[in-house]
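> Sequence plus predicted model, see below.
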Amino acid sequence: MVNVDISWQIGGPQGSGVETAANIFSHVCARAGYQVFGKREFYSNIKGEHSYFTVRVSDKKIRSNVNDVTIMAAFDAETLFRHADEIVSGGAIIYDSDMENIETKDVHTLDVYFKSRLHQYLDTKKKSYTVSGLLDSVKENGVNLYPVSFRGILEGLAEDTDNPKLKGMIRMFNVLGVSLSLGLLHMSSKQLFESIELIFGKKQKIAEINKQLANYAYNYATAKFPNFKCSLAEIAKQSDTILAQGHQGTALGKMVCGCRFQAYYPITPASDESVFLESHEILEINEDRPGSMVVIQTEDEISAIGMTIGSALTGTRSATSTSGPGFSLMAEALGWAGINEVPIVITLYQRSGPSTGLPTRHGQEDLMFAVNAGHGEFPKIVYASGDIEESFYDTGKCFNFSDVFQVPVIHMMDKFLASSVVTCKRLDPTKIKIERGKLLDKIDTNDYKRFAPSEDGISPRSKLGLENGIFWNTGDERDEYGHITEDPVVRLQMMDKRLSRFSQILKDIPKDDQVVSNGTAEYTIVSWGSTKGPILDALEMLKKENINVGFIQIKLLHPFPTELVKSFLKNVKAIIDIEANATGQLGLLLKQNLGREIDHYILKYTGRAMTCTEIYDSIKKILANKEQKKVILTHGA
Amino acid sequence: MVLKLSDYKTDVHNDWCPGCGDFGVVNAIQMALAEMNIPRHKAAIFSGIGCSGKTSHFINTYGIHTLHGRVLAFAQGAKIANPDMTIVAAGGDGDGLGIGVGHFVAAGRRNVDLTYIIFDNGVYGLTKGQASPTLRLGEKTKSLPTPNTNYNVNPIGLAVASGFTFVARGYSYDVRHLKDLIVAAISHKGLAFLDVLQPCPTYNDINTRDWYAGTEPIDDAATKTHARLYKLEDTGYDPVVHYSEESELNEKLSQALIKSLEWGDKIPLGIFYKNEIITEYGRRLADKIPNYLENSPATQKISSNGKPTTDISKLLDSLQV
């Protein structure tokens, strides 16, 4: 069998159902047995600005996007203007032929910067500033064009079904685009209808009309489109595959590991997780009455972390979920949780900064901020997940870390993960263990001291409401009971008690959970978080050319596992640091902790996630030219 | 077991200034807890930052001394997670109506069943007497370099407008009356707000104990004096919303707002507004999570021998392809 590895893209104005179309496409491919990796790009806007979804489909494991797009479905002119040049030779563009005469000046959402670059390009090609001008040029690149009058299809359907109302249903252009695409690829129409039913769910009437349209468009494409070079026949499906959305890993992890309270303030890209949790607030419990997770939308992120801490003091596993701007507001209370040794989890979905930055775009820019967040010195854990599947299991670990070490844990996620849709192995809740450390259920003594000295520096923890367990907390320095003290001797004891947590953490967290090694070589990549997917895919591409590059993924970023990382890098000649930020923040941590310089950087800070193609290209560039100190990646509209 | 007043006291050294109004508030809280015989481990005092922030350390229940302005956030989180707790939040007027005023307004909208006491003295004492949100425009307390340039917040009016369902004012030197108000506030089903006039003997040389008592002549022309404070309950004022009728509700809200504007010669104490018809937050949660109150976040069993007990198989099935 020929290996399948294609990329399909759909674009349109925000609010026009681009995501729905992509979900249908992803479902159909996944149900046909393929691996899927999809990613959404969108503006900070409700309606009208350009958004697009790229879905890569393969019969092998894939973890990232590639640069090239095989097929694009466009139901607006802007999608063509922005993306037509991404389609590979031999690829296909399905588009609404009614818009061929649209000029760039007619599309008011095309910003001046992009427009001037596009005009320059069209000038060099001697083409007009119109859709057809641009399409002429891509046709010369060997791209197959499939013009379809979208209104014509609606009219045809209206006539066929004797339902004139359908003529004006341009809201269904998204389903039209995806159905034509699936027809072109000769995928199963049955899967298409099932996916529409699944995605429109309870809205039966809408599902029915969309199915009629899908049927019509699908048949149109199979009849009218000449044989396209690739078709996706159904292949053997692995029985335990799920199609997971970015925020679901941490959300499902929170449910399973017993998080029962989450407070949040709306912020992109974190709030999808909280909304998902609230939609499923009542939980099924094995052999017991239903449980629940209380999700509170607060007035700001300061309140969100405050409530989370308040809840955690009652012994409830508690979390908040936010992004950079919200996390900035949480810094003071983070220190309070630190000095009072309160276990909380902050799920930090990073995005591009600084300030509001690119609020709907990707970035890994908050590593140093997370490590240094909060004034004064106190223990905390910064832990990063590499993909959606990992984020499920890591969520369980983060809660265990926070309970066992009685510290706040910052779980690093990002926009790339949040807006991805991937096929992965069905998540296995039995792999999550619940360890609550020294949390007490009963206290017999009459002289309980919350911060009593202990060998490992961690004291048995009472909770609000527990008899004989009364304690005091304060943001001031405090004594064993939790009362304020400014005594220099007690201060020293308490600081040392808290800070001894760092060595405890490095000693007790299993090494495999601290750093994941994918093998080391003369050239070895160090990275953290969501770069994992594109890096692993790039390494596979290199391996096919017998180029062996190592990769260590650092998950525990604070306290930094210096000795462990050192041991991995012992025989490495050149370190390549790959991160989605401008300053190489992990590189900085490495320098700071290992005293070792980074040899090469591959960095991206356009707000768009890395593709494996970019990493592959950059590594080849570095291997060919050792003087290539830094490669800055730019792919993506 | 019947608890004595002394059971609610800690032996933590109290470093408030001699004559500070704060003492009266702490005593009144302890008296209220004793009178209600609330088990010590079932109560938690949350406090903000400032002189009043130390309150939680002087009371022998769970005591959580939080951050400047954030006491309501911490307190609400605890109450929502464990609705069996009796929660009292305490802080200064700078804490609650300055840096924390956003939380004040938002808390009113939620109506979580807890009591919030503001120690209202018009100054930031612990930072040496700057003007706080309740100090009136043009007033110059002794450590201000120039008269106050800001208009004052009306705590009672703001609480009523924000949705607090119990709004009252006490005076820190009338400890018995204050204790009664705290008992009423704790007993109230919903968010109770208590504005406590609490003279700062060190930095507020305007609203002094003598000023409230009226021992200084009210106007220069006359020499007569009279107490400025009076009790609403002595005037036949009815603060309670009895029916779920909009006209009655509006009438009770309006009379509370009008009363909240009285200041100067006549300053009302007592309950301004009380409404138990509006559901408290726990009931709102129980409307959508039926067993929330008896199976609250803090009491739920989440694991058995280290294994999670939550079953997400239906959700996973829905993601299965």
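Received the coordinates, thanks.

> Only the buried residues of the least confident helix or strand in chain B by mean pLDDT, if you could.
Lowest by mean pLDDT, DSSP states H and E among the helices and strands of chain B is helix B:209-213, with a mean of 93. Across helix B:209-213, burial judged by 16 or more other C-beta atoms under 10 Å in any protein chain shown covers B:Tyr212, B:Ala213. Every C-beta, even on glycine, is put in place using the N, C-alpha and C of the backbone.

> what's the answer for stretch B:262-271, then?
Under 16+ other C-beta under 10 Å, the buried positions of stretch B:262-271 are B:Ile267, B:Pro268, B:Leu269, B:Gly270, B:Ile271.

> any idea of the mean pLDDT in it?
Summarised as a single mean, pLDDT over stretch B:262-271 is 96.

> First-to-last residue distance for that stretch?
Distance across stretch B:262-271, first residue to last, is 14 Å (C-alpha to C-alpha, to the nearest Å).

> what's around B:Asp15, how many residues?
9 (other C-beta atoms under 10 Å in any protein chain shown).

> how near is it to chain A?
Separation of B:Asp15 from chain A (C-beta to the nearest C-beta, to the nearest Å): 9 Å.

> what sits against the spatially most central residue of chain A?
Centroid-nearest residue in chain A: A:Leu417, 0.8 Å away (criterion: C-alpha atoms, centre = their mean). Listed by C-beta atoms under 8 Å, 6 or more residues apart in numbering or on different chains, the contact partners of A:Leu417 are A:Gly246, A:Gly249, A:Tyr349, A:Ser385, A:Asp387, A:Ile388, A:Ser391, A:Gly529, A:Ser530.

> after the helix or strand containing it comes which helix or strand?
Under the criterion of DSSP states H and E, A:Leu417 resides in helix A:415-418. As assigned by DSSP H and E, the chain's next helix or strand after helix A:415-418 is strand A:420-425.

> Packing partners of that next one?
The contact analysis (3 or more C-beta pairs under 8 Å, 6 or more residues apart in numbering or on different chains; DSSP states H and E) places strand A:420-425 against helix A:18-31, strand A:35-41, strand A:241-245, helix A:388-405.

> Tell me which of the ones you listed approaches A:Lys604 most closely.
strand A:35-41 (13.8 Å; C-beta to C-beta).

> quick one, what contacts the most far-flung residue of chain A relative to its centre?
What lies farthest from the middle of chain A is A:Asn446; by C-alpha atoms, centre = their mean that is 48.9 Å. Contacts for A:Asn446 (C-beta under 8 Å, 6+ apart) come out as A:Asn468.

> Check B:Glu276 too.
B:Thr165, B:His188, B:Lys189, B:Gly190, B:Val241.

> What's the PyMOL line that selects buried ones from those?
Buried residues within the contacts of B:Glu276, by 16+ other C-beta under 10 Å, are selected in PyMOL with:
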select buried, chain B and resi 165+188+190+241
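
> Can I get the longest helix seen in chain A in CSV, CA atoms only?
In terms of residue count, the longest helix belonging to chain A (DSSP state H) is helix A:204-224. C-alpha atoms of helix A:204-224 as CSV (Å, rounded to 0.1, in the frame of the first residue of the first chain):
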residue,chain,number,x,y,z
GLN,A,204,-31.6,17.2,14.3
LYS,A,205,-33.3,19.5,11.8
ILE,A,206,-30.0,21.2,11.0
ALA,A,207,-28.2,17.9,10.8
GLU,A,208,-30.8,16.7,8.3
ILE,A,209,-30.4,19.7,5.9
ASN,A,210,-26.7,19.5,6.1
LYS,A,211,-26.8,15.8,5.3
GLN,A,212,-28.9,16.5,2.2
LEU,A,213,-26.4,19.1,1.1
ALA,A,214,-23.5,16.8,1.9
ASN,A,215,-25.0,14.0,-0.2
TYR,A,216,-25.6,16.3,-3.1
ALA,A,217,-22.1,17.9,-3.0
TYR,A,218,-20.4,14.6,-2.4
ASN,A,219,-22.1,13.1,-5.5
TYR,A,220,-21.3,16.2,-7.5
ALA,A,221,-17.6,15.9,-6.7
THR,A,222,-17.3,12.2,-7.4
ALA,A,223,-19.1,12.7,-10.7
LYS,A,224,-17.6,16.0,-11.9
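
> Helix or strand next in line after the host helix or strand of B:Leu181, which one?
Element membership for B:Leu181, per DSSP H and E: helix B:175-187. Going down the chain from helix B:175-187, the next helix or strand is strand B:192-197, by DSSP H and E.

> Give me the mean pLDDT for that next one.
For strand B:192-197, the mean confidence score works out to 98.

> Counting neighbours, what do you get for the residue in the stretch 101-250 of chain B positioned nearest to chain A?
The stretch 101-250 of chain B approaches chain A most closely through B:Ala106 (3.5 Å), counting by C-beta to the nearest C-beta. As a burial measure, B:Ala106 scores 18 neighbours (other C-beta under 10 Å).

> quick one: contacts for it?
By C-beta under 8 Å, 6+ apart, the neighbours of B:Ala106 are A:Thr298, A:Glu299, A:Ser303.

> what helix or strand does the last one sit in?
Think A:Ser303. Taking DSSP H and E as the definition, A:Ser303 sits inside helix A:301-312.

> and that helix, what's its mean pLDDT?
Here the average pLDDT along helix A:301-312 is 98.

> The next helix or strand after it close to chain B?
Later in the chain than helix A:301-312, the nearest helix or strand by DSSP H and E is strand A:317-322. Yes: for a cut-off given as C-beta under 8 Å from any C-beta of the partner chain, strand A:317-322 has contacts with chain B, namely A:Arg317, A:Ser318.

> Dump the C-alpha coordinates for strand A:317-322 into CSV.
Output of strand A:317-322 as CSV, limited to C-alpha atoms (Å, rounded to 0.1, in the frame of the first residue of the first chain):
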residue,chain,number,x,y,z
ARG,A,317,-8.2,19.1,45.0
SER,A,318,-8.4,22.5,43.4
ALA,A,319,-7.2,24.2,40.2
THR,A,320,-7.4,27.3,38.1
SER,A,321,-6.7,27.6,34.4
THR,A,322,-5.4,30.6,32.7
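
> And the contacts of that strand?
By C-beta under 8 Å, 6+ apart, strand A:317-322 touches A:250, A:254, A:257-265, A:267, A:270-271, A:273-274, A:301, A:304-305, A:307-309, A:311-312, A:330, A:343-349, A:399, A:403, B:77, B:81, B:297, B:302.

> Among those residues, name the ones in strands.
A:Cys259, A:Arg260, A:Phe261, A:Gln262, A:Ala263, A:Tyr264, A:Val345, A:Ile346, A:Thr347, A:Leu348, A:Tyr349 (DSSP state E).

> Count the neighbours of the residue of the stretch 151-300 of chain A found nearest chain B for me.
Of all residues in the stretch 151-300 of chain A, A:Gly258 sits closest to chain B, at 2.8 Å by C-beta to the nearest C-beta. Residues lying near A:Gly258 (other C-beta under 10 Å) number 25.

> on that earlier part again, please tabulate the buried residues of stretch B:262-271 in JSON lines, including the columns distance to chain A.
JSON lines is the format used below for these (distance: C-beta to the nearest C-beta, whole Å):
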{"residue": "B:Ile267", "distance to chain A": "31"}
{"residue": "B:Pro268", "distance to chain A": "30"}
{"residue": "B:Leu269", "distance to chain A": "30"}
{"residue": "B:Gly270", "distance to chain A": "30"}
{"residue": "B:Ile271", "distance to chain A": "26"}
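
> Tell me the one of those residues nearest A:Lys39?
Using C-beta to C-beta, the buried residues of stretch B:262-271 come closest to A:Lys39 at B:Ile271, 58.0 Å.

> Look at that closest one and give its secondary structure.
strand (DSSP: H, G, I helix; E, B strand; the rest coil).

> do the same with B:Gly91
From three-state DSSP, the assignment for B:Gly91 is strand.

> List, one by one, the residues from the stretch 351-500 of chain A near chain B.
Counting by C-beta under 8 Å from any C-beta, the stretch 351-500 of chain A sits next to chain B at A:396, A:423, A:426-427, A:429-430, A:432-436, A:463-476, A:482-484.
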